[in-house]
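1. I would like to see how this sequence folds:
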Amino acid sequence: MKYLKRNLLLLLTILVLFILYLEFGGRFILDTTDKRIITFSIRSSKKLPENFTNFYNIIYPNSLSENSWGLISHTILNSRTSRKECPCNQMAYSLFPRIDIKNKTAIDYFLVARYIEHKYNQRDCLNFNFSNFDFLEGRRGIEQVSKSLFNKNVENLSTLEMSEILALYENPVKNNRNRYHEHAETKAQYFNYLYLKNSTR
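-> Predicted coordinates for the structure are as follows:
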């Protein structure tokens, strides 16, 4: 019984240390240059207008209030959970190839995501994601794709137009109206339906 208690205490200690490492390890594996890249990426990203931020948060409920831990729990419960439900996790995924970490692992990716979440909020990460996403055809960022598709600023878009941009954000090849018009239209209609459905909850 004595040895069992010791073993349980040891296992509990290891578990707690591992969780603490996941939570705060990012500040130790990232060097000064990496941290500056993250800071510059956030600060140089244009703030999204409120209409689009609210639209995104209705399509992906609680995406602006949860974090990577929540994403993991949702993924365990539903394997079809999208990384887009956690903007900072998605930002970490985008920046990961540019970060100089030796022998990168999936755990390192999570550490970077948590580091970002300790420093910034999900809105900041969402700004980065849509300011830097390559929508293809020479359109980088939401402002360029909005002007290209609708000749409008983002703040003037309708929900259906924002749905088309979100469809492109999901897959800029398959959901491109110039290549697969019917498929792109169906996907945009789906996001618009999801927005209307979630709005009534």
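
2. use CA for all of it now, contacts and neighbours both
-> Will do.

3. list the contacts for the residue positioned nearest the centre of the chain?
-> Closest residue to the average C-alpha location of the chain: residue 87 at 2.4 Å, with C-alpha atoms, centre = their mean. By C-alpha atoms under 8 Å, 6 or more residues apart in numbering, the contact set of residue 87 is 63-64, 122-123, 125-126, 129.

4. switch the cut-off to 7 Å
-> 122, 125-126 (C-alpha atoms under 7 Å, 6 or more residues apart in numbering).

5. For this structure, give me the ranges with low pLDDT.
-> Scanning the chain for pLDDT under 70 picks out the ranges 201.

6. domains for it, by residue range?
-> 1-39+65-132, 133-201 (automatic domain parsing).

7. now residue 97: how far from residue 18?
-> 24 Å (C-alpha to C-alpha, to the nearest Å).

8. Also residue 56?
-> 33 Å.

9. try residue 110
-> 13 Å.

10. Among the two, which residue is more densely surrounded?
-> Between residue 110 and residue 18, residue 110 has the larger neighbour count (other C-alpha atoms under 10 Å), namely 21 against 12.

11. In what element of secondary structure is that one found?
-> helix 106-119 (DSSP states H and E).

12. For that helix, which outside residues touch it?
-> So helix 106-119 is in contact with 22-27, 68, 88-89, 92-93, 96, going by C-alpha under 7 Å, 6+ apart.

13. Which ones among those residues map onto helices?
-> Using DSSP state H, the members of the contacts of helix 106-119 that fall in helices are 22-24, 26-27, 68, 88-89, 92-93.

14. Could you pull up the residues touching residue 132?
-> 140-141.
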